[in-house]
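# Sequence and computational prediction follow.
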Amino acid sequence: LRMVGLVFLGRPRSPRGAGAQEVRGPELWALFLPAGLTVAFGLFPGALVQLAAPAIQVLAGPAARPPGGWFLLQTTEGGAGYRPLAVALLLGLVGLGLWLWQRCIQPGGTQRGAVWNCGFIDPPAHLPFGDPLTQPTAGGIAQPLRRMLGTTVFAAREAVEMPRPGETRAARYEASFRDPSFPLLLAPLARARDALAARAERLRDFTIRRNLSLAFGLLVGLLALLAWLEAR
């Protein structure tokens, strides 16, 4: 909700935002290529599993084969299977049916009207981007939730200081909250992170002899782990 309010609602908040244009050419392909690969791998996940077949055979033996094929994924041999392409086609048919049904029941013709400008008038000449107070912000969108749940959960506080009659100073509004998870969860994790980072920083001052000893100890540990796995 906050993302939609900040990105898609209101007027441009800066000259740079007002002059922004849609990208084209290589910039679009840089987005379409990973998006297309994501869709392709989602519809044909067996392709990735087949690519991993040599590694699976090296780890589990020559007899091991990846479950399923290009159009099917299986948990085990003869187990439950999943066909993403069939599911996608079924969802597409359902969506097409709903679209055709909606076209049949909707009134004929297209009606056009004036665009609603979110309840405020067009910006004046001296404020081409509108009054900042009329722009949707994260604080304004979150204010109802903060008032409903914040007082008990987050100890939210709002204070309004209004000037007295005759004073020229501006009014002051303050809002604050306290996250209860910070002292209970985030603060201990932050201290543990700092302690680990301090210990890891000491590795930078190790001599070559100590670094070689660490690598040798890691190799011995991996060999011991492999021997234990083979024994099982």
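Cool, the structure landed.
# For the lengthiest helix in the chain, give the mean pLDDT please.
The longest helix of the chain (DSSP state H) is helix 208-231. Mean pLDDT, helix 208-231: 91.
# who touches that helix?
Contact with helix 208-231 is made by F206, as judged by CB atoms under 8 Å, 6 or more residues apart in numbering. Where C-beta positions appear, they are placed from N, C-alpha and C, glycine not excepted.
# Only alpha carbons, please: show that helix as CSV.
The C-alpha trace of helix 208-231 is given here as CSV (Å, rounded to 0.1, in the frame of the first residue of the first chain):
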residue,chain,number,x,y,z
ILE,A,208,51.1,-16.7,5.9
ARG,A,209,51.8,-19.6,8.3
ARG,A,210,48.5,-19.2,10.1
ASN,A,211,46.5,-18.9,6.9
LEU,A,212,48.1,-22.1,5.5
SER,A,213,47.3,-23.8,8.9
LEU,A,214,43.7,-22.8,8.5
ALA,A,215,43.5,-24.1,5.0
PHE,A,216,45.2,-27.4,6.1
GLY,A,217,42.8,-27.8,9.0
LEU,A,218,39.8,-27.2,6.8
LEU,A,219,41.0,-29.8,4.3
VAL,A,220,41.5,-32.3,7.1
GLY,A,221,38.1,-31.6,8.5
LEU,A,222,36.5,-32.1,5.0
LEU,A,223,38.3,-35.4,4.6
ALA,A,224,37.1,-36.6,8.1
LEU,A,225,33.6,-35.6,7.1
LEU,A,226,33.8,-37.6,3.9
ALA,A,227,35.2,-40.6,5.7
TRP,A,228,32.4,-40.5,8.2
LEU,A,229,29.8,-40.3,5.4
GLU,A,230,31.3,-43.2,3.6
ALA,A,231,31.3,-45.2,6.8
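# show me where this structure has strands.
73-74, 81-82, 157-161, 172-176 (DSSP state E).
# partners of the third one, with directions?
Sheet pairing of strand 157-161 (DSSP bridges) gives strand 172-176 (antiparallel).
# Buried residues, the strand it pairs with. List them.
Buried residues in strand 172-176, counted by 16 or more other CB atoms under 10 Å: none are found.
# please renumber so the chain begins at 506
In the new count, where the first residue is 506, that last one comes out as strand 677-681.
# what does it contact?
So strand 677-681 is contacted by 644, 651, 661-666 (CB under 8 Å, 6+ apart).
# Out of these, who's the most crowded?
A661 (19 neighbours; other CB atoms under 10 Å).
# Now for it: which residues touch it?
Counting by CB under 8 Å, 6+ apart, A661 has contacts 651-652, 655, 680-682.
# go again using 7 Å as the cut-off
A661 makes contact with 651, 655, 682, according to CB atoms under 7 Å, 6 or more residues apart in numbering.
# State the phi and psi torsions of it.
Dihedral angles of A661 (phi, psi; degrees, to the nearest 10) stand at phi -70, psi 150.
# any idea how far it is from A560?
52 Å (CB to CB, to the nearest Å).
# returning to what we had before: and S519, which of the strands of the chain is closest to it?
strand 677-681 (23.4 Å; CB to CB).
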